[in-house]
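Undergrad: Sequence first, then the predicted structure:
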Amino acid sequence: MTGYFIDAFIYLCAAVIAVPLAKRFGLGSVLGYLVAGVVIGPIVGSENTNSLQHFAEFGVVMMLFLVGLELEPKKLWEMRNRLMGLGGLQIGLTTAIITAGGLFFDLGWTVALTIGLIFALSSTAIVLQTFNEKNLTKTEGGNNAFSVLLFQDIAVIPMLALLPLLALPELVAQAQHATAQAAEHHEELSLVAGLPGWAYAGVLLLAIGFVGVGGHYLSRPLFRYVASSGLREIFVATSLMLVIGIAALMSLVGLSPALGAFLAGVVLANSEFRHELESNIEPFKGLLLGLFFITVGAGIDFVILGENLLVVIALTLAVMFIKALVLYVLALIFKIKNSDRWLFTLSLAQAGEFGFVLLSFTVQNNILPGDIAKILLLVVALSMFLTPALFIFFDKVILPKFEQTENQREADEITHQGSVIIAGVGRFGQMVNRFLRANKIETVVLDSQVSQVDNLKKINVQSYYGDATQPDLLHTAGISKAAMLVIAIDNKEAAIELTKYVKHTYPKVKIFARAFDRGHHFELKHAGADFIVSETYHSALELGKEALISMGVHPYKAEQKKATLRRLELSYKDSLFDLWRNNTEDSKYSIHFRELFIELENAIAKAMKSENVDEQAKVERGWTPPPKNYLDDFKD
């Protein structure tokens, strides 16, 4: 018993040390777990690693359950073209090419096909995490890569069902002999042992039907009953019971536990308890999946790696090249352009964590010989280790090249002038432009992002590519005759410098600017901006007002309180600005600012308690009160 505690302590220590370090260096948590496993593998020994891996594989079962929960039919239908087109072609072409390569090297067709299916998958964990860290999720390349990854995750399920049909007869015979010997010492539960083929098929259909029908009709009353207890730990226990029970049922009928968990997740995808299930399962999934990756790293046989080093490296590079080639061709076919094409290609060129799962599955089901599986496991792990290098190559080489090409484009020729020049047409600048144009005010729109300008031209919004901070471009846009400059560019420092330049050179031009926060607001005001608005200020006030209404405050009084808060903050704005401008010591400024802010909060609280109806608020907001007798019911 003491040995198990020591092994568990070693595994947890390795994870705690290696994963944060890997995250800090931009390598991702999966590689952190793998590195931790590689380091502790010689310490814990192969026997302990193998025994722990069976337990850790339950993390994969939970992951597939959560994948199933995300697959709402409506969402899948909206993504059908990219899912079936990009995802289906990627898996089909990659599998076909690698299978052909295996046949060329005299592998049996079942072995070659199995290897092709395994290497067709990419690493969902590494890619999505890297996308989130680098803010690439919303890009065209990121969206298309996500579609392929989602299709791959779904494709794992039919793969798990198909692969047992590819079992090698000689391996099956060896396994049956070993099982017969083991059965003399240990009897394993099975509901299908000794059944004829037709009865076995019937049991499988009944088990799958029970998961589908039972999950739909029985889970809701069960969760309502558990939720009525008000005990979160019981709901957690029920969630675990559901996943473990389905996995056990699938094992009893000879199916993959992961398959059953995925089906159950799909059935519950539209359940009102879906989000509660996700929050309960996620911590266990993350921990067990991390433990699984550690056991994979610990299970790497360095003796085999040393003996087959050149073979492993050659296979890894060949697999990554084949996948990248297929992905690049698909990017051309589906018209993924510029840097997004390379992001799509490089991000999915590795093998994935499901490769570990399928390799373990193929060995257990006598599909691949153990010696081949060990070499393939090294290829999967090495390709995942190389993935951060591909992202670094994209960041340092590919992306700057496309940015340089875009920046080399000359500024557009400005063919008209207007009374208002708008610098920056992101979500903020576009709204200002639409509002002004709707009121018959001529605007000149400038933006330094080529893609943004091109997108606006597609919807017939006249805009020009160019850097608004360049004096020549401003002059061409008619700044000397304009009445106003609206600054909505994303670069804080550039916005401040532009304000200073225009106020100094064209003092009659009014400057209306967007601020990101209070500090930026003060800097813009100090630079000479005439009117400044924080980008989230009014939306936050509106949300706060709606929150009051939702909590039972009458809409009229909520509007009044909103106006009171805004007016009081405006009355203190000059005092806060003077304090910011006159204090150079950070500590002194922080103390004084906190004191003044407390005074402001107290003034707001006092005003909110007032029973007087704020007539000014009515006028400012254009409030039309209901009949007098109706209002009387809502007086404080």
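TA: Nice, I can see it. Remember, predicted model here, so these are calculated numbers, not experimental data. Residues are numbered from 1 along each chain as shown.

Undergrad: quick one: residue 294 from residue 90, how far?
TA: 29 Å (CB to CB, to the nearest Å). Heads up, the C-betas are built off the backbone N, CA and C, glycines and all.

Undergrad: Of those two, which one has the most company?
TA: Each of residue 294 and residue 90 has its neighbours counted (other CB atoms under 10 Å); residue 294 has more, 32 against 25.

Undergrad: residues near residue 207, how many?
TA: Neighbours around residue 207, by other CB under 10 Å: 21.

Undergrad: hang on, it packs against residue 249?
TA: Yes: with contact defined as CB atoms under 8 Å, residue 207 reaches residue 249; the gap is 5.9 Å.

Undergrad: Extract the C-alpha trace of stretch 539-550 and format it as PDB.
TA: Included here for stretch 539-550 are C-alpha records, laid out as PDB according to Å, rounded to 0.1, in the frame of the first residue of the first chain:
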ATOM      1  CA  SER A 539     -23.100  49.400 -22.200                       C
ATOM      2  CA  ALA A 540     -22.200  48.700 -18.500                       C
ATOM      3  CA  LEU A 541     -24.700  51.300 -17.300                       C
ATOM      4  CA  GLU A 542     -27.400  49.900 -19.500                       C
ATOM      5  CA  LEU A 543     -26.700  46.400 -18.200                       C
ATOM      6  CA  GLY A 544     -26.800  47.600 -14.600                       C
ATOM      7  CA  LYS A 545     -30.100  49.300 -15.200                       C
ATOM      8  CA  GLU A 546     -31.600  46.100 -16.700                       C
ATOM      9  CA  ALA A 547     -30.200  44.100 -13.700                       C
ATOM     10  CA  LEU A 548     -32.100  46.500 -11.300                       C
ATOM     11  CA  ILE A 549     -35.300  46.000 -13.300                       C
ATOM     12  CA  SER A 550     -34.800  42.200 -13.200                       C
END
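
Undergrad: mean confidence for that stretch?
TA: Mean per-residue pLDDT for stretch 539-550: 86.

Undergrad: Name the residues that touch it?
TA: For stretch 539-550, contacts defined as CB atoms under 8 Å, 6 or more residues apart in numbering pick out 555, 557, 558, 559, 561, 562, 565, 566.

Undergrad: for stretch 318-338, same thing?
TA: With CB under 8 Å, 6+ apart, stretch 318-338 has contacts from 82, 85-86, 89-90, 93-94, 97-98, 101, 119-120, 122, 140-141, 144, 340-341, 344-346, 348-351, 379, 383, 386, 402.

Undergrad: Try it again at 7 Å.
TA: 85-86, 89-90, 93-94, 97-98, 119, 140-141, 144, 341, 344-346, 348-351, 379, 383, 402 (CB atoms under 7 Å, 6 or more residues apart in numbering).

Undergrad: Quick check: which ranges of the stretch 301-450 of the chain have low pLDDT?
TA: Low-confidence segments of the stretch 301-450 of the chain, defined by pLDDT under 70, are located at 403-412.

Undergrad: What of the stretch 501-636 of the chain?
TA: For the stretch 501-636 of the chain (pLDDT under 70), the answer is 572, 583-597, 599-601, 603-604, 607-636.

Undergrad: Show the residue spans covered by the strands in it.
TA: 510-515, 531-534 (DSSP state E, counting those that start in this stretch).

Undergrad: Residue 67 and residue 465, how far apart?
TA: 42 Å.
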